[in-house]
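> pasting the sequence and the predicted model now:
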Number of protein chains: 2
Amino acid sequence: MSILRKDPVSGGWVIMAEERSRRPPDLAPLASAAPNDHRLCPFCPGHEAVTAQEIYAVRNHGSNANDPGWSLRVIPNKYAVLHIEGELNRSGDGIYDTMNGVGAHEVVIETPQHDARMGQYGQARMEMLIRAYRDRSIDLHRDQRFKYVQIFRNYGQVAGALIDHPHSQIIALPIAPRWVKEELGNAREHFDYKERCLFCDIVNQELKDRSRIVFENQTMLAFTPFASKFPFETWILPKAHSHDFQFIADGDIAPLAEALRVTLYGIQMALEDPPFNFIIHGAPRLGPAANAGIQREYHWHIEIIPRVTRLAGFEWGTGFYINPTLPEKAADFLRQVLLEQPAPALAE
Amino acid sequence: MSILRKDPVSGGWVIMAEERSRRPPDLAPLASAAPNDHRLCPFCPGHEAVTAQEIYAVRNHGSNANDPGWSLRVIPNKYAVLHIEGELNRSGDGIYDTMNGVGAHEVVIETPQHDARMGQYGQARMEMLIRAYRDRSIDLHRDQRFKYVQIFRNYGQVAGALIDHPHSQIIALPIAPRWVKEELGNAREHFDYKERCLFCDIVNQELKDRSRIVFENQTMLAFTPFASKFPFETWILPKAHSHDFQFIADGDIAPLAEALRVTLYGIQMALEDPPFNFIIHGAPRLGPAANAGIQREYHWHIEIIPRVTRLAGFEWGTGFYINPTLPEKAADFLRQVLLEQPAPALAE
């Protein structure tokens, strides 16, 4: 069973997941492993028995759960960092706080195709994926023990993907991550001062300025943020105010899928298929009083971070960011790439 | 000239350093380069003319500045992310804030030996290095434009070291990094509530508990923090209250050198010479009123982070931390290693 510990200095919680541990002497320096063999891949069709029972699936008519015949599958993570069973218990020891590791950790197998690249998904595939994110998010939010549902994608081993077969992860947490509190604090300060949503103000300024826009459609905007921490960092958010991703309307799924698909395709083409992470920044659930504020002050968005610079080590160690590529230049470059080679909507 | 931009969402500042940039199409995915050739190394003795004029040096009697004959040298970083010239100017554009990149960026060449490993420095070498950190920190703090002096070490290319020759970096910033504000906020909250320094309380609890201690001497404590974010993360701090590293007493330099030397040696032996980052968390200078609080509430410390887990990509992308190694086990393992193979104090 994993436990959560709070760092009194940073205020952040850390998941201590010893089950994932190898013995200390076996902790080897970072090494790149060989690409996974698809014949041994636990996520490939025909290997359903290797994984836990599916929680959600998009299936061919007539196919049975946990058999082949699926287009997308959600399963519990076999190496979960948090477990769904048990009451949430808190304990203290002097200045230190501990919580047991109650939560959920799910894997979204995005396609049966072992070698598919997310940057080349077609519109239908991307819509299916976003609908799965949304539906699992709604379901996990029903569990009152969870304060936050974190949806993220690691692409490439450098970005933390241990299995090549395309998959996203969803973690439901009994606490809100540290960056959420930071963003909420700044959004609240802005609202208190201006009585406007910080993110709506960003959308308006970006739409007026236009130098950092990568892609837009009627409801979604993809742009490189003014203070991008990393080269080609790109955010996607709804143009209209909407505090949490789980409440995305059916009619907004196709525009979001288009924005995500085109942006990832552009990044793949521009940077030669780089590793990347993306994470959906949704709203936490912090109790009735706080939630009222969060509804008007927060605004969900997706942050995409290509892993292209060797300076990463520096940022990681020192906690501040040096970006060698102006976001205006990155956006301009992505727009050029997408103009010359438009993203194919009909790919599988 | 680099500029600083503030992210209104996270509240953090990012250094946009286009001078370091390659053109967007040349941004290649992370790749490990060949070890630097010492015959071409700009930091090796005899190549002093390649670097900028030295700012500080420990030299053999009779040797001339910018000639060979040095034991340690501090020079301006040729690829500085911030520059020392100019007034500090702030400007705004709607919701966005910008500052020009006034600051300093120095390199501490720690030894003339191209192939030396920091984990094997002797006591004299480490004292010399800490004295250089301290003296440069005091000097940079004389410049009223700087709010923070950040001292850090990247070891190994994975950790961000682009040149193999052993060197640390010092960056003087016109703003305090984001994590400093976070730590200050938590330290203040603790002080407001308990009227005690948070870090002094941590020292006391660790000395009583003893399960996370890696090394201690009369004045310094090295321990794996209760909520370590990474396997074998180790912090070193003075046992007695002291808010900023620049004020370290002469008599504390030898004990700190010992603690840092022994800890790095232990990590090197335990984890097979892993890449690592360390950073000195000193106090910022935020104006007379704030500084009075900081003096009693903050407590400088060094955070050492070995880069041993492939999960790093995950943490980096998602902003929360999963640690597969309990800090108590890491400390125990380091103590065992140091018992079996004590760190040699007399190495060069």
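The structure has been received and is ready for your questions.

> A:L129: how many residues sit nearby?
By other Cβ atoms under 10 Å in any protein chain shown, the residues close to A:L129 number 25. Yep, even glycine has a C-beta here, placed from its N, CA and C like the rest.

> that one: what's its closest spatial neighbour, skipping adjacent residues?
Leaving out its chain neighbours, the residue that sits closest to A:L129 by Cβ to Cβ, 6 or more residues apart in numbering or on different chains is A:E110, at 5.4 Å.

> measure that neighbour to A:P68 for me?
Separation of A:E110 from A:P68 (Cβ to Cβ, to the nearest Å): 16 Å.

> next, give phi and psi for A:N217.
phi -130, psi -160 (degrees, to the nearest 10).

> state the helix or strand in which the residue nearest to it when sequence neighbours are not counted lies.
Among residues not flanking A:N217 along the chain, A:P255 sits closest, at 4.9 Å (Cβ to Cβ, 6+ apart). A:P255 is part of helix A:250-270 when elements are defined by DSSP states H and E.

> show me what contacts the closest residue to A:T219 other than its chain neighbours?
In space, and not counting its chain neighbours, A:T219 is closest to A:P255: 4.5 Å by Cβ to Cβ, 6+ apart. By Cβ atoms under 8 Å, 6 or more residues apart in numbering or on different chains, the contact list for A:P255 reads A:N217, A:Q218, A:T219, A:M220.

> what's the local residue count around the second one?
Using other Cβ under 10 Å, A:Q218 is surrounded by 9 other residues.

> state the distance from the nearest residue to it once chain neighbours are set aside to chain B.
Closest residue to A:Q218 apart from its sequence neighbours, by Cβ to Cβ, 6+ apart: A:P255 at 6.2 Å. Distance of A:P255 to chain B, computed by Cβ to the nearest Cβ, to the nearest Å: 22 Å.

> same question for A:F223.
12 Å.

> what is the neighbour count of that residue?
So A:F223, with other Cβ under 10 Å, has 27 neighbours.

> quick check: closest non-adjacent residue to A:V108.
A:S168 (4.3 Å).

> interface residues of the stretch 151-300 of chain A facing chain B?
Counting by Cβ under 8 Å from any Cβ of the partner chain, the residues of the stretch 151-300 of chain A close to chain B are A:152, A:154, A:157-162, A:173, A:177-179, A:182-183, A:185-187, A:190, A:198-199, A:201-202, A:205, A:225-229, A:231-232, A:270-275, A:277-279.

> PyMOL command for the buried members of the residues you listed?
Here is the PyMOL command that selects the buried residues among those (16 or more other Cβ atoms under 10 Å in any protein chain shown):
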select buried, chain A and resi 152+154+157+158+159+160+161+173+177+178+179+182+183+186+187+190+198+199+201+202+205+225+226+227+228+229+231+232+270+271+273+274+275+277+278+279
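
> just the ones of the residues of the stretch 151-300 of chain A next to chain B in strands?
Under the assignment DSSP state E, those contribute A:F152, A:N154, A:L173, A:N277, A:F278, A:I279 to strands.

> for the third one, name its beta-bridge partners.
When bridges are assigned using DSSP bridges, the partners listed for A:L173 are A:Y148.

> so it touches A:I151, yeah?
No - in terms of Cβ atoms under 8 Å, A:L173 does not count as a neighbour of A:I151; the distance is 11.6 Å.

> I figured the residue nearest to A:L129 hits A:Q169, correct?
No - contact criterion Cβ under 8 Å: A:E110 and A:Q169 do not qualify, at 11.0 Å.

> between the two, which is the more surrounded one?
A:E110 (24 against 20).

> I'd like to know how far the more buried one sits from chain B.
On the measure of Cβ to the nearest Cβ, A:E110 and chain B end up 17 Å apart.

> repeat for A:I138
From A:I138 to chain B the distance is 21 Å (Cβ to the nearest Cβ).

> so who does that residue touch?
Contacts of A:I138 (Cβ under 8 Å, 6+ apart): A:Q246.

> tell me the secondary structure at it.
Secondary structure for A:I138, judged by DSSP: H, G, I helix; E, B strand; the rest coil, is helix.

> ok, now how distant is it from A:F146?
12 Å.

> what sits in contact with each of these two?
Counting by Cβ under 8 Å, 6+ apart, A:I138 and A:F146 have no common neighbour.

> related to what we said a few turns ago, now the ones in strands among the residues of the stretch 151-300 of chain A next to chain B in TSV, with pLDDT?
Formatted as TSV, these follow (pLDDT from 0 to 100):
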residue	pLDDT
A:F152	94
A:N154	91
A:L173	91
A:N277	92
A:F278	94
A:I279	93
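
> got the residues you listed as JSON lines, with distance to A:D97 columns?
Output for these, formatted as JSON lines (distance: Cβ to Cβ, whole Å):
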{"residue": "A:F152", "distance to A:D97": "25"}
{"residue": "A:N154", "distance to A:D97": "29"}
{"residue": "A:L173", "distance to A:D97": "15"}
{"residue": "A:N277", "distance to A:D97": "28"}
{"residue": "A:F278", "distance to A:D97": "31"}
{"residue": "A:I279", "distance to A:D97": "25"}
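
> out of those, the closest to chain B would be?
A:N277 (2.7 Å; Cβ to the nearest Cβ).

> what separation do you get for the residue nearest to A:V108 and A:R142?
20 Å.

> between those two, which one's more packed in?
With neighbours defined as other Cβ under 10 Å, A:S168 and A:R142 compare such that A:S168 has more, 22 against 7.

> was I right to think the more buried one contacts A:R136?
No - counting by Cβ under 8 Å, A:S168 stays clear of A:R136, with 9.8 Å between them.

> where do the contact lists of those two overlap?
By Cβ under 8 Å, 6+ apart, A:S168 and A:R136 have these common neighbours: A:V108, A:I151.

> for chain A, what helix or strand is lowest in average pLDDT?
Among the helical and strand segments of chain A, the one scoring lowest on mean pLDDT, DSSP states H and E is helix A:312-318, with a mean of 58.

> the helix or strand that that helix is followed by: partners in the sheet, and parallel or antiparallel?
The C-terminal neighbour of helix A:312-318 among helices and strands, as given by DSSP H and E, is strand A:321-323. Applying DSSP bridges to the sheet, strand A:321-323 is found paired with strand B:13-16 (parallel).

> tell me who's in contact with the closest residue to A:L184 other than its chain neighbours.
Nearest residue to A:L184, sequence neighbours excluded (Cβ to Cβ, 6+ apart): A:Y298, at 6.3 Å. A:Y298 is in contact with A:E183, A:L184, A:A187, A:C197, A:F199, A:H243, A:D244, A:A283, counting by Cβ under 8 Å, 6+ apart.

> secondary structure element holding the residue nearest to A:V108?
Assigned by DSSP H and E, A:S168 falls in strand A:167-173.

> and the contacts of that strand?
Residues outside strand A:167-173 that contact it (Cβ under 8 Å, 6+ apart) are A:43, A:74, A:77, A:81-82, A:103-110, A:129, A:133, A:136-137, A:140, A:143, A:146-154, A:161, B:320.
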